[in-house]
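# give me the fold of what follows.
(2 chains)
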Amino acid sequence: MQIVSYGLQPRTQMLIIVVSVTLLGVVLHMVRKRHVREQYSLLWIAACVVLLLAAVFIRAVESLSRAAGIFYPPAFLFLVAILLIVVLQVHFSVVISSLKEQSRSLTQDLGLLQSELHRLRRELDREITGKPPEP
Amino acid sequence: MPARNEAESIGPTIQRIREALPGVAILVVSDDSTDRTAEIAESAGATVVRLAHRLGYGGAVQTGFKYAVASGHEYIVQMDADGQHDPACAAALLAPVAAGDADVAIGSRFLGEVAYRIPAARRVGMRFFAKVATLITGQRFSDPTSGYQAMNRKAFAYFSRDNYPSDFPDADAIVCLVLAGFRVVEVPVRMLPRLKGVSMHSNLRSVYYVSKMILSILMVALRAPRKRVESRRQIPHPAGQDRNAE
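Got it, this is the predicted structure:
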């Protein structure tokens, strides 16, 4: 089969396969070492798998690319990669927002509990020493 | 009373409150102050809640709401720690809420005598958000940024859950209240000049602030139907104290 000059060449294919397998390996290693939690690694793993599949079924990518009206298939791959990154970023924004919310709530409750503890301790002190409460 | 690094003004402010409103419980929420704000407030006779890291104005105020819910207060008055809010106006502010005519009373700086100057850019911004709030709620608001407010238990319990704008509550808080079915009124209050310390508003952040506020108001308006249902839930109130100045 004739390889068109602007299409995806086996070199490109190999490069993408190497990159995605390496990335997959790094992510899985980090999960094993508990640097990344399973639930946050899932999207990364999915992204690697999508990239890998795209590299293996390169002809499908080329026809998909043409179907989408993009006549330079590597650009289509970039588009897929960028979309995956966007999804990951949105996911992180959601996670950060909920963390922020949790930390706010914890900070408030901690402050309230400390204040309550302080008050109770003072009252207890008064009761033990038998001193009348301060005016 | 939310406070961040107000060591110089917190003492006199608490003193004024005690003179104007003898017998009220005073709560100061120190928003990770790096000076002696908390100690001074405590020795002046206020209950102090210290936040371990900075939550901002909204987060500090909401801590006060949570405290009031837990300690069983019926009414609260929220005011700034810098001494700009005249405690003598608190009774007038609380009156419509205590009488049951409103759930929230907002102290407006523009309805009554205007005793202080606001930079032109901020005045434009305040007018704009006042207009937006007026437009959405169909009720006239002149000063939605005011941090001088009186509320009943129903209102602050609503805000103590996750309904309070986290950053700096403004017109979005009012729109949120009105859309949730609370009765909000404005009461004229007198403003005093700042005692000491630096105002938290700076011009640098104003672009961010204006865009964030527009988004926030929009979202509050879009979320409205779900919130209206939530607000119907009955709030348990333990018997106890009847009044509280925050």
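# CA atoms for contacts and neighbours, from now on please.
Will do.
# which intervals of the chain have sub-threshold pLDDT?
By default, I'm working from chain A. Applying pLDDT under 70 to chain A flags the ranges A:1-8, A:131-135.
# my bad, the chain I had in mind was chain B
B:111-122, B:166-168, B:193-206, B:224-246.
# who in it is up against chain A?
B:T47, B:V48, B:V49, B:R50, B:L51, B:A52, B:H53, B:L55, B:G59, B:A60, B:T63, B:Y67 (Cα under 8 Å from any Cα of the partner chain).
# rerun at 7 Å
B:V48, B:V49, B:R50, B:L51, B:A52, B:H53, B:L55, B:T63, B:Y67 (Cα under 7 Å from any Cα of the partner chain).
# among these, which pair sits farthest apart?
Taking Cα to Cα, the two most distant members of the residues of chain B next to chain A are B:H53 and B:Y67; they sit 17.6 Å apart.
# who's more crowded, those two?
Comparing B:H53 with B:Y67 by other Cα atoms under 10 Å in any protein chain shown, the one with more neighbours is B:Y67, at 25 against 15.
# for that one, give me phi and psi.
phi -60, psi -50 (degrees, to the nearest 10).
# in chain B, what residue spans correspond to helices?
B:7-20, B:37-43, B:56-70, B:90-98, B:120-137, B:153-158, B:171-179, B:206-231 (DSSP state H).
# actually chain A, not the one I typed
A:10-32, A:38-56, A:58-67, A:73-129.
# show me which residues of the first one are buried.
Using 16 or more other Cα atoms under 10 Å in any protein chain shown as the burial criterion, the residues of helix A:10-32 that qualify are A:Q13, A:I16, A:I17, A:S20, A:V21, A:L23, A:L24, A:V27, A:L28, A:V31.
# check the second one too.
Buried positions in helix A:38-56, judged by neighbour count with 16+ other Cα under 10 Å: A:41, A:43-45, A:47-55.
# so how far is B:Q15 from A:L15?
73 Å (Cα to Cα, to the nearest Å).
# how about the residues of chain A near chain B?
A:R104, A:T107, A:Q108, A:G111, A:L112, A:S115.
# which of those residues has the largest number of neighbours?
A:Q108 (28 neighbours).
# my guess is that one meets B:R50, correct?
No: A:Q108 lies out of contact with B:R50 (Cα atoms under 7 Å); the separation is 8.5 Å.
# name the nearest of the buried residues of helix A:10-32 relative to chain B.
Minimum distance to chain B across the buried residues of helix A:10-32 is 30.5 Å, recorded for A:V31 (Cα to the nearest Cα).
# and the closest one, what is it in contact with?
Counting by Cα atoms under 7 Å, 6 or more residues apart in numbering or on different chains, A:V31 touches A:R37, A:E38.
# what sits against residue 88?
Picking chain A for this. Contacts of A:L88 (Cα under 7 Å, 6+ apart): A:L43.
# should've been chain B
Contacts of B:A88 (Cα under 7 Å, 6+ apart): B:A20.
# what residue lies at the spatial centre of chain B?
Nearest to the mean C-alpha position of chain B, by Cα atoms, centre = their mean, lies B:G147 at 3.8 Å.
# quick check: closest non-adjacent residue to it.
B:M79 (5.6 Å; Cα to Cα, 6 or more residues apart in numbering or on different chains).
# number of nearby residues for that neighbour?
25.
# surely it is in contact with B:M1?
Yes: counting by Cα under 7 Å, B:M79 does reach B:M1; the two are 5.3 Å apart.
# list the beta-bridge partners for the residue nearest to B:M151 when sequence neighbours are not counted.
In this structure, B:M151 finds its nearest non-sequential neighbour in B:V104, 4.5 Å apart by Cα to Cα, 6+ apart. Assessed by DSSP bridges, B:V104 has beta-bridge partners B:M151, B:V184.
# isn't B:V104 right up against B:Y148?
No: contact status for B:V104 versus B:Y148: not in contact, 10.7 Å apart, counting by Cα under 7 Å.
# looking at those two, which one has more neighbours?
The neighbour count for B:V104 versus B:Y148, taken as other Cα under 10 Å, is higher for B:V104 (31 against 25).
# dump the residue contacts of the more buried one.
Contacts of B:V104 by Cα under 7 Å, 6+ apart are B:V97, B:A150, B:M151, B:N152, B:A155, B:R183, B:V184, B:V185.
# and B:N5, what are its phi and psi?
According to degrees, to the nearest 10, B:N5 has phi 50, psi 60.
# how about the contacts made by it?
Applying Cα under 7 Å, 6+ apart, the residues near B:N5 are B:S33, B:T34, B:D35, B:T37.
# where's B:V187 relative to B:P144, distance?
Counting by Cα to Cα, the gap from B:V187 to B:P144 is 12 Å.
# okay, those two: which has more neighbours?
Shown here are B:V187 and B:P144; by other Cα under 10 Å, B:P144 has more neighbours (25 against 22).
# ok, now which ones touch the more buried one?
B:A130, B:D170, B:A171, B:I174.
# take these and write them to CSV, including distance to B:I26.
What follows is these, written out as CSV (distance: Cα to Cα, whole Å):
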residue, distance to B:I26
B:A130, 30
B:D170, 23
B:A171, 26
B:I174, 24
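# nearest to A:R121, out of those residues: which one, please.
Taking those together and measuring to A:R121 by Cα to Cα, the closest member is B:D170, at 37.8 Å.
# okay, now B:L218: neighbour count?
14.
# which of the contacts of B:V104 has the most neighbours?
Of these, with other Cα under 10 Å as the count, B:A150 tops at 33 neighbours.
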